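> My questions are about this predicted structure, shown below with the sequence.
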Amino acid sequence: MSLPIFIGITQTLSFSKRKGRTLLCPCHYSIIMKISFLFLSFLIATIANAQQADKYILLKPDRVFDGETMQTGWVVLIKNNKIEQAGALMFKLPAGTEIIELKGMTLLPGLIEGHSHLFLHPYNETSWDDQVLKESRAERTARAVNHAKATLMAGFTTVRDLGTEGAMYDDVGLKKAIEKGVIPGPRMIVATRAIVAKGTYGPKSPSPDVELPQGAEEVAGFDELSKAVRSQIGHGADVIKVYADYRYGPNGEALPTFSQLELEWIVGNATSSGRKVVAHASTAEGMKRAANAGISTIEHGDGGTEEVFKLMKEKNVALCPTLAAGDAIQQYRGWKKGTDPEPQSITNKKKSFQLALKLGVTICMGGDVGVFTHGDNAREMELMVEYGMKTIDVLKSATSTNADVFGYGNKIGRMKKDLLADIIAVEGDPSADIKNIRKIKLVMKDGMIYKTP
Ligand SMILES: [Zn+2]
């Protein structure tokens, strides 16, 4: 702070010397006195800051989900923005520790949403086409700000946001605003625009003579693929998303978009930068190509067969099933859940999800939230249980598994010393009833409390 001022005064003095004038006139003395005073104040403030005591918070719940198993008799000590201790209270508490009693509650690592679109809102409010074509970027950002807050307050302290769907690189700006504390929101792992094969995505133009803006970056050929990957990285993408198939067949059916070599080309371009590639894929062939290309997660995966899931297991490719998106879309189309018979697509989805579980595929928790309401992220966790996954495994999926699969296991996802203090408390035991995951009582992100009991 004071360094540029000192450089300034030094330059003034040497300038005076060169000109052969009096080195220090009374006005120089006065300036030096003022600067010295400022510098001294700055120094004192810096020392005072350095000596300021670390902030400790002790959380005392009934039980702690450590990211893998449920623990009883545990407490968690936070030091500033990190976890200092997690376990039985066998240590001496530092002086001045703030103690928060969480009677009847369960402490968990902050939940991680594996598949969000903060720049979309439910399609029963406005169709996807109309959001992409008719809503201004300002409106979409205004909505995204609300979505970010709702997500955080629902206990999701991190999101992997898989594409702005036409809002360009605005996820990068939103992420920065959250990091700077301008608005409350989750940590964001952003994909920016996502990559689609030219002519396969939407919105579809009503006339072949009119080119419409698209919901993702269109590419054709290897050069454009490289350019898109590198440009998205340059603009701030943490992860690259590619559509390995899409509904562009002669009858509107989903078919593979990129060839095996093209997918490998994308992965090659991205992985040398240390970034992972995720693929939207719902056909068996699209999934197979994605898995063989070295993609880290497959999104949706509805058409997964035994052969494909075995391949995913072998290649260590995780499945992000997005059960809630399918459930929501069927209801938007008129399905009255609980009254009407189950639509075929839901029955099929249950079967493929159960097959993936049986074959030991790693399952991420990601609902494609945005298709349904932000803040209602727990809907995916409830459906995972409803479709046959063990409740404790669903909790694991939304914390340590997502953290590991996305490459953030050394920062978040577990209740472990030195990880970031992203922690939530819910009423009751969510491993006994997943619905308890909605009863959010405490939200802490980076050691900062956003909600208290
Ligand atoms: Zn999506």
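Sure thing, it's come through.
> Surely residue 332 and residue 124 touch.
Yes: Residue 332 lies in contact with residue 124 (Cβ atoms under 8 Å); the separation is 4.5 Å. C-betas here are computed from N, CA, C, even on glycine.
> shared neighbours, these two?
Common contact partners of residue 332 and residue 124 (Cβ atoms under 8 Å, 6 or more residues apart in numbering): none.
> list the helices and strands the one helix or strand residue 278 maps to packs on?
Element membership for residue 278, per DSSP states H and E: strand 276-281. Secondary-structure packing of strand 276-281 (3 or more Cβ pairs under 8 Å, 6 or more residues apart in numbering; DSSP states H and E): strand 239-243, strand 245-247, helix 260-271, helix 284-293, strand 297-300.
> if we compare the ones you listed, which one ends up closest to residue 109?
With Cβ to Cβ, the closest approach to residue 109 among those belongs to strand 297-300: 19.5 Å.
> okay, residue 332: pLDDT?
With respect to pLDDT, residue 332 scores 98.
> whoops, I mixed them up, residue 174
Residue 174 is given a pLDDT of 98.
> wait, it sits on residue 146?
No: counting by Cβ under 8 Å, residue 174 stays clear of residue 146, with 11.4 Å between them.
> what about these two, which has more around it?
Here residue 174 and residue 146 are set side by side on neighbour count (other Cβ atoms under 10 Å), and the busier one is residue 174, at 25 against 15.
> list the contacts for the more buried one?
118, 141, 144, 145, 148, 185, 188.
> pLDDT and distance to residue 80 for those - can I get that in a markdown table?
As requested, the contacts of residue 174 are arranged in a markdown table below (pLDDT from 0 to 100; distance: Cβ to Cβ, whole Å):
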| residue | pLDDT | distance to residue 80 |
| --- | --- | --- |
| 118 | 99 | 28 |
| 141 | 98 | 31 |
| 144 | 99 | 29 |
| 145 | 98 | 27 |
| 148 | 99 | 23 |
| 185 | 98 | 20 |
| 188 | 99 | 22 |
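> Widest-spaced pair of the residues you listed?
Top of the distance list for those (Cβ to Cβ): 141 and 188, 13.6 Å.
> who's more crowded, these two?
Using other Cβ under 10 Å, the more surrounded residue of residue 141 and residue 188 is residue 188, with 24 against 19.
> can you list contacts of the host helix or strand of that one?
For residue 188, the host element (DSSP H and E) is strand 187-190. Contacts of strand 187-190 from elsewhere in the structure, counted by Cβ under 8 Å, 6+ apart, are 118, 157-161, 171-172, 174-175, 178, 236-239, 406, 408, 412, 422, 445.
> let's see it at 7 Å
The contact list for strand 187-190 (Cβ atoms under 7 Å, 6 or more residues apart in numbering) reads 157-161, 171-172, 174-175, 178, 236-239, 406.
> cool, stretch 411-419 as well?
Counting by Cβ under 7 Å, 6+ apart, 64, 66-67, 76, 82-86, 109-110, 112, 158, 399-400, 402-404, 420, 422 sit against stretch 411-419.
> which ones among the residues you listed are found in strands?
Cross-referencing the contacts of stretch 411-419 against strands under DSSP state E gives 64, 76, 82, 83, 84, 85, 86, 109, 112, 158.
> ok, so what distance separates the closest residue to the first one other than its chain neighbours from residue 60?
When the adjacent residues along the chain are set aside, residue 64 lies closest to residue 74, with 4.0 Å between them (Cβ to Cβ, 6 or more residues apart in numbering). Taking Cβ to Cβ, to the nearest Å as the criterion, residue 74 is separated from residue 60 by 9 Å.
> more crowded one of the two?
Set residue 74 next to residue 60 and count neighbours by other Cβ under 10 Å: residue 74 wins out with 21 against 16.
> for the most centrally placed residue in the chain, what are its contacts?
In the chain, the residue lying closest to the centroid (Cα atoms, centre = their mean) is residue 159, at 2.0 Å. Neighbour list for residue 159: 113, 116, 118, 151, 186, 188 [criterion: Cβ under 7 Å, 6+ apart].
> can I assume the third one sits in a helix?
Which is residue 118. No: read with DSSP: H, G, I helix; E, B strand; the rest coil, residue 118 is coil and lies in no helix.
> residues in contact with it?
With Cβ under 7 Å, 6+ apart, residue 118 has these contacts: 144, 147, 148, 159, 161, 171, 174, 370, 374.
> let's see 10 Å
Contact partners of residue 118, counting by Cβ atoms under 10 Å, 6 or more residues apart in numbering, are 140-141, 143-148, 150-151, 159, 161, 164, 167, 170-171, 174-175, 185-186, 188, 190, 369-370, 374.
> from what I can see residue 290 touches residue 242, true?
Yes: using Cβ atoms under 10 Å, residue 290 is in contact with residue 242, at 8.0 Å.
> Please, which helix or strand holds residue 144?
Going by DSSP H and E, residue 144 is part of helix 137-153.
> Identify the bridge partners of residue 101.
residue 60 (DSSP bridges).
> Provide the count of other residues in contact range of it.
Residue 101: 11 neighbours (other Cβ under 10 Å).
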